[in-house]
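J.: I need the structure of the sequence given here:
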Amino acid sequence: MSTGAERGMREKFRSSGYTLTAQRRAVLEALKEAGGHPSAEEIYLLVKRKNPRVALGTVYQALSVFEEVGVLESKHWSDSPARYDLNTEPHTDIRCIRCGAVSEVPGIELGDLEARVHENTPYQVTSTALVIEGICPKCGESS
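T.: Okay, the predicted model is just below:
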């Protein structure tokens, strides 16, 4: 995470009334370490390596606060656990339909998608997420 992004995150916490406790900081570090779009369980295992006494509920609470503050977004698909993404800017994800791995697709801009949706529907767009599904290289090798 860049210095500017870290400053922005601290400002979001300051203005929200929440504090960045040691436990929340540990969850945030695990999110950064995991990269990509980890599940709460994956984050928990990373935090637990450094702090064996941490509870899974603590990780879920921290993730909930991070989402409320706007530091991350949760991604939900019916056939897999929620995944967490520190990139809250509009972007395109690609998801493996076999193993559930999720990655960002670089170089694809959503452009004026939000504006065009607003022009063509009565909706007020609050967030934009685009997911492409396919088979990742790892799963493709095993078929």
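J.: per-domain residue ranges of the chain.
T.: Residue ranges for the domains of the chain, per automatic domain parsing: 3-85, 91-136.
J.: go through those domains and name the closest to S142.
T.: Minimum separation from S142 across those (Cβ to Cβ) falls at domain 91-136, 8.5 Å. For glycine as for every other residue, the C-beta is placed from the backbone atoms N, C-alpha and C.
J.: now do the closest one: distance from first to last residue.
T.: Across domain 91-136, the terminal residues are separated by 19 Å (Cα to Cα, to the nearest Å).
J.: for this structure, which segments count as helices?
T.: Using DSSP state H, the helices of the chain run over 3-16, 22-34, 40-50, 56-69, 113-120, 137-141.
J.: distance to R83 added to the ones you listed, as a markdown table?
T.: Putting these into a markdown table (distance: least, Cβ to Cβ, whole Å) gives the following:
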| stretch | distance to R83 |
| --- | --- |
| helix 3-16 | 19 |
| helix 22-34 | 10 |
| helix 40-50 | 9 |
| helix 56-69 | 11 |
| helix 113-120 | 21 |
| helix 137-141 | 17 |
